[in-house]
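> quick one, what's the 3D model for this:
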Amino acid sequence: MGLKEELYEEIKRILDYDLQVTNLKRIPSKGDLTLGETAAKIRTAVLFTDIRNSSIYADTHWQKTTSKTINAFLNCALRIVKKNNGEVRSFNGDSLLALFDPNNSPCTGAVTSAMELIWAVRNIIAPSVCEKGYIENFDIGIGISFGDILCSRVGIRGEDNNDLIWTSSTTNLAAKMGNQASKPFNIIIDNKVWESIPNKLKLNETRLLPQNKYEGLTQLTPTFPRLTPGPALSLRPPLLPFRTSYWEGTIMPFAKGLEKVYKTSYMIPLS
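Below is the predicted model:
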């Protein structure tokens, strides 16, 4: 049988096969699936990240230099993801795709990873890379989305001839947001992630601020007691609640519609 006939038969077999799908409450691995016959559905958060302008970087540096720089970044990202209950399931050049434990606040883990990774890039990776004289303004973009993902094992039989793929609009959206993320907003998340993360990550906090120092706030006219002779009194202006956030909401075209997304570059220092 020639290759053409073999391909006709194999493609017909793949397209006609009734793929057996199982719902999983954990991140699947290769051992959970058989090649082309079974798939796993998981509902969780997905993080995509890659290096900005990596093609220009690769074109202006030696291959060894490029390889070492990418290795340093991916090594750092992998360790931070695992620290926050995530698993990296795909490497592609200078990018990676990570999924987070669906039983352990996956959106919180993903956003925490993103904020810690931005801190690591700014304070560890970029200074170290620049010190070697490799590149200036080393930077990354991160996209995070939440939803159902279908994982299947594809390829042909053989140790190095098959891998897992993660098909869904969830992974596509994370990749698109990650590709668009850059300074001053290195992290972009979708609305589902935004609604799932705690307020401490949204950074919406109420502060008490002196009312007479901020325009646009309701001005209250304080009344002071009539003073009588005696020790001098120190009078402070009343305080008003003031909410602040380091996120910016916007609309992004995706597929055939629009997605509400949120952007930030807030960092969480690593200890």
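> for the rest of this, base every contact and every neighbour count on C-alpha atoms.
Fine.
> now the strands for the stretch 151-271 of the chain?
Using DSSP state E, counting those that start in this stretch, the strands found in the stretch 151-271 of the chain span residues 162-167, 187-190, 205-210, 239-244, 248-254, 257-264.
> counting neighbours, what do you get for Arg26?
Here the count is done by other C-alpha atoms under 10 Å, and Arg26 has 17 residues near it.
> check the one 5 residues further on too.
Neighbours of Gly31 under the rule other C-alpha under 10 Å: 8.
> how much space separates it from Arg157?
In this view, Gly31 and Arg157 are 14 Å apart by C-alpha to C-alpha, to the nearest Å.
> hey, which helix or strand in this protein has the poorest pLDDT?
Ranked by mean pLDDT, DSSP states H and E, the helix or strand of the chain with the weakest confidence is strand 205-210, at a mean of 48.
> list the contacts of the top helix by length along the chain.
Secondary structure of the chain per DSSP state H: the longest helix is helix 63-83. The contact list for helix 63-83 (C-alpha atoms under 8 Å, 6 or more residues apart in numbering) reads 57-58, 87-88, 94-96, 98, 109-110, 113, 116-117, 120-121, 125, 129, 134.
> one more time with 7 Å
If you take C-alpha atoms under 7 Å, 6 or more residues apart in numbering as the criterion, helix 63-83 is touched by Ala58, Glu87, Val88, Asp94, Ser113, Leu117, Ile125.
> verify the contact between Gly249 and Tyr262 for me.
Yes - assessed by C-alpha atoms under 7 Å, Gly249 is found in contact with Tyr262 at 4.4 Å.
> the more surrounded of the two?
Higher neighbour count among Gly249 and Tyr262: Tyr262, with 22 against 15, using other C-alpha under 10 Å.
> show me where pLDDT drops low in this protein?
In the predicted model, the chain carries pLDDT under 70 at residues 54-62, 134-136, 159, 204-245.
> tell me where it has helices.
3-16, 54-60, 63-83, 106-120, 126-131, 169-180, 191-196, 199-202.
> need the winner for burial among the ones you listed.
Ranked by mean neighbour count under mean count of other C-alpha atoms under 10 Å, those are led by helix 106-120, which reaches a mean of 24.
> what's it packed up against?
strand 38-51, helix 63-83, strand 95-100 (3 or more C-alpha pairs under 7 Å, 6 or more residues apart in numbering; DSSP states H and E).
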